[in-house]
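[1] Please find the sequence and the predicted model below.
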Number of protein chains: 2
Amino acid sequence: MDRFTERDQLIRKWIYAAAATIKESFDDELDIERKSNRNDLVTNMDKAIEKQFIEKIQHFFPGERILGEEGLGDEISLLDGVVWIIDPIDGTLNFVKQQDDFAIMIAIYEDGKGQLGYIYDVMQDKLYSARTGKGAYCNKRLLPTIEDRPLKEGLVAISSALMSKEEGLARTVGRASSGVRLIGSAGIETAHVASGRLIGYLAATLAPWDIAAGKIIAEEVGLIYTKLNGDKVDLLQKTPVLVASPTAHKEIIELLKSQKI
Amino acid sequence: MDRFTERDQLIRKWIYAAAATIKESFDDELDIERKSNRNDLVTNMDKAIEKQFIEKIQHFFPGERILGEEGLGDEISLLDGVVWIIDPIDGTLNFVKQQDDFAIMIAIYEDGKGQLGYIYDVMQDKLYSARTGKGAYCNKRLLPTIEDRPLKEGLVAISSALMSKEEGLARTVGRASSGVRLIGSAGIETAHVASGRLIGYLAATLAPWDIAAGKIIAEEVGLIYTKLNGDKVDLLQKTPVLVASPTAHKEIIELLKSQKI
């Protein structure tokens, strides 16, 4: 049993425990606090889950650094060594308004290279996971390598922010596809691309914790995960993201270039 | 037991039987035929389910007229007497591409007035139903009367067609809300407004079978269901639709008027 196997087993246990805490909370009132605007709600649950994860990581793996959405972890400016990247509740607005379509995400990077990625769609009880080089799974089912179809044959998810900001872009990419879908959780949208439900996902601005786990899972099934201009994503910065099957990825990049965005 | 109670019991049985047939089909290849364009896929399953419903209705209620998406029912130009309105698979594109997020819908109107409405979210096993004057349900849970919150406090679903056609509109309404969601099934989107997950739903063009069941369920929880300009919907024509809680409905109508759409 190598050190990643041990981490894998622990992470799964921690994720299911966190999900149980979250589900129990649905009977209580959520104490919602407003962060920068109303679309960026933070709940006490977000913070509590992140704190739980950090305490567990520090207990089992002292000294390893942690990057988390709620900022309870470390300040990180270099991805050397082992870094844990955590989003306790991805899709907070869905969590608050819908009590559905949100995810717990955890990833481990080592010297900047993805090793383990987890996206747990809590209400669907679907744990998408991948270990680099060993395939991606939905629960215990191995996800097949993605079918490389053209954009016009697939549904594409486009983030709400991107829809609002670049309406021409959304319209062009959407029209070239079978149709647009918008779930409101980068984790679930990326997982649906990885499982073949969607052909691609575009977002205006994703943070490291929105990207880390999904990128590992996506690349493991043969998807291309880049910035909207095709450049490599930088895991230490907020960045626009495009994940899609190879042919659709190329088509979307060309569509975006033709619009000079 | 009045005649609507008998119909209610039969309809539930028929819907669950149809759903079982659909789920079994996921092991087979779907024989997909293209209708007017690639976004309007018709599967053999659509037709088979509609045929099943029609045969059962004709057996139990001979002489009652049936309006169905696949056109296997009657030609209807007046809503007098009892009319059954059926959408065997709402969200065909989701059915084909995602094998999720599609619904079976059935409604009964009498002399133009809604009596019974059913939206079955097959993969979530959620049967939304209503009998006019007797409340709406999700499975056996009574749906409470909708909370009448302002648009800015809710998520709004906007159809893909409306997003593409009237990008300014989608942007304006979306920005005035907490965020945009796009599921791709009028039935499920309407059901999510009725259950309070979404504050409203806007669509560019809905057919009678997209509207019939949802309108009954929506009105039963206090939602306002109209055309995009606020006029009454006509159940015999394709029409743009807005369903929302009273305050949000008023706000959206005003936003649309200010854009002269």
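    Done, it's in.

[2] is stretch A:139-159 anywhere near chain B?
    Yes: using C-beta under 8 Å from any C-beta of the partner chain, stretch A:139-159 reaches chain B at A:152-155. (C-beta placed from N, C-alpha, C; glycine too.)

[3] Can you show me the helices along chain A?
    Using DSSP state H, the helices of chain A run over residues A:3-25, A:44-60, A:92-97, A:160-165, A:167-176, A:186-194, A:208-220, A:246-258.

[4] any chance of the residues of stretch A:139-159 next to chain B in a markdown table, with pLDDT and neighbour count too?
    A markdown table is the format used below for the residues of stretch A:139-159 next to chain B (pLDDT from 0 to 100; neighbours: other C-beta atoms under 10 Å in any protein chain shown):
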| residue | pLDDT | neighbour count |
| --- | --- | --- |
| A:152 | 95 | 13 |
| A:153 | 94 | 15 |
| A:154 | 96 | 22 |
| A:155 | 96 | 26 |
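
[5] Determine which two of these are furthest apart.
    With distances taken as C-beta to C-beta, the most widely separated pair in those is A:152 and A:155, at 10.8 Å.

[6] anything in contact with each of the two?
    A:177-178 (C-beta atoms under 8 Å, 6 or more residues apart in numbering or on different chains).

[7] ok and the residue in the stretch 1-150 of chain A nearest chain B?
    Closest residue of the stretch 1-150 of chain A to chain B, C-beta to the nearest C-beta: residue A:98 (4.3 Å).

[8] and the nearest residue to that residue once chain neighbours are set aside, what is it in contact with?
    In this structure, residue A:98 finds its nearest non-sequential neighbour in residue B:197, 4.3 Å apart by C-beta to C-beta, 6 or more residues apart in numbering or on different chains. Listed by C-beta under 8 Å, 6+ apart, the contact partners of residue B:197 are A:97-100, B:155.

[9] Give me whichever of the helices of chain A is most buried.
    Most buried of the helices of chain A by mean neighbour count (mean count of other C-beta atoms under 10 Å in any protein chain shown) is helix A:186-194; its value is a mean of 29.

[10] Need the pLDDT of the residue lying closest to residue A:112 once chain neighbours are set aside.
    Excluding the flanking residues, the one nearest residue A:112 by C-beta to C-beta, 6+ apart is residue A:79, at 4.1 Å. On pLDDT, residue A:79 comes in at 82.

[11] Report how many residues lie close to residue A:79.
    19 (other C-beta atoms under 10 Å in any protein chain shown).

[12] Please list all residues in contact with the residue of the stretch 1-150 of chain A closest to chain B.
    B:155, B:192, B:197-198.

[13] Pick the one among the residues you listed closest to chain A.
    Out of the contacts of residue A:98, the member with the shortest distance to chain A (by C-beta to the nearest C-beta) is residue B:197, at 4.3 Å.

[14] start to end distance for stretch A:97-108?
    The first residue of stretch A:97-108 is 30 Å away from its last residue (C-alpha to C-alpha, to the nearest Å).

[15] Let's test this: mean pLDDT of it, rounded?
    Rounded mean pLDDT across stretch A:97-108 is 96.

[16] do the same with stretch A:111-122
    Here the average pLDDT along stretch A:111-122 is 97.

[17] Please save the CA atoms from that stretch in CSV.
    Written as CSV, here are the backbone C-alpha positions of stretch A:111-122 (Å, rounded to 0.1, in the frame of the first residue of the first chain):
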residue,chain,number,x,y,z
ASP,A,111,5.1,19.2,-7.2
GLY,A,112,2.4,20.7,-9.4
LYS,A,113,1.3,17.4,-10.8
GLY,A,114,-2.2,16.0,-10.1
GLN,A,115,-2.3,12.7,-8.2
LEU,A,116,-5.8,12.2,-6.7
GLY,A,117,-9.1,14.0,-7.6
TYR,A,118,-12.6,13.6,-6.0
ILE,A,119,-15.9,15.2,-6.9
TYR,A,120,-18.8,14.0,-4.8
ASP,A,121,-22.3,14.9,-6.0
VAL,A,122,-23.8,14.7,-2.6
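
[18] Around chain B, which positions in the stretch 101-250 of chain A sit nearby?
    So the stretch 101-250 of chain A meets chain B at A:152-155, A:160, A:163-164, A:167-168, A:170-171, A:174-175, A:178-184, A:192, A:197-198 (C-beta under 8 Å from any C-beta).

[19] if we go to 10 Å?
    A:101, A:123-124, A:152-155, A:157-161, A:163-165, A:167-168, A:170-172, A:174-175, A:177-184, A:192, A:195-199 (C-beta under 10 Å from any C-beta of the partner chain).

[20] looking at chain A, which helix or strand is least sure?
    strand A:32-34 (a mean of 53; mean pLDDT, DSSP states H and E).

[21] Quick check: residue A:154 touching residue A:198?
    Yes: using C-beta atoms under 10 Å, residue A:154 is in contact with residue A:198, at 6.5 Å.

[22] what do those two both touch?
    Contact criterion C-beta atoms under 10 Å, 6 or more residues apart in numbering or on different chains; residues shared by residue A:154 and residue A:198: A:177-178, A:244-245, A:248, B:97.

[23] ok, residue A:105 - how many residues close by?
    31.

[24] Residue A:230 now?
    Other residues close to residue A:230 by other C-beta under 10 Å number 15.

[25] check contacts around the closest residue to residue A:100 other than its chain neighbours.
    In this structure, residue A:100 finds its nearest non-sequential neighbour in residue A:123, 4.7 Å apart by C-beta to C-beta, 6+ apart. Going by C-beta under 10 Å, 6+ apart, residue A:123 touches A:19, A:22-23, A:26, A:94-95, A:98-103, A:188, B:124.

[26] Arrange those residues in CSV, one row each, with distance to residue A:208 as further columns.
    CSV is the format used below for the contacts of residue A:123 (distance: C-beta to C-beta, whole Å):
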residue, distance to residue A:208
A:19, 22
A:22, 22
A:23, 27
A:26, 28
A:94, 20
A:95, 20
A:98, 25
A:99, 26
A:100, 25
A:101, 21
A:102, 18
A:103, 15
A:188, 18
B:124, 32
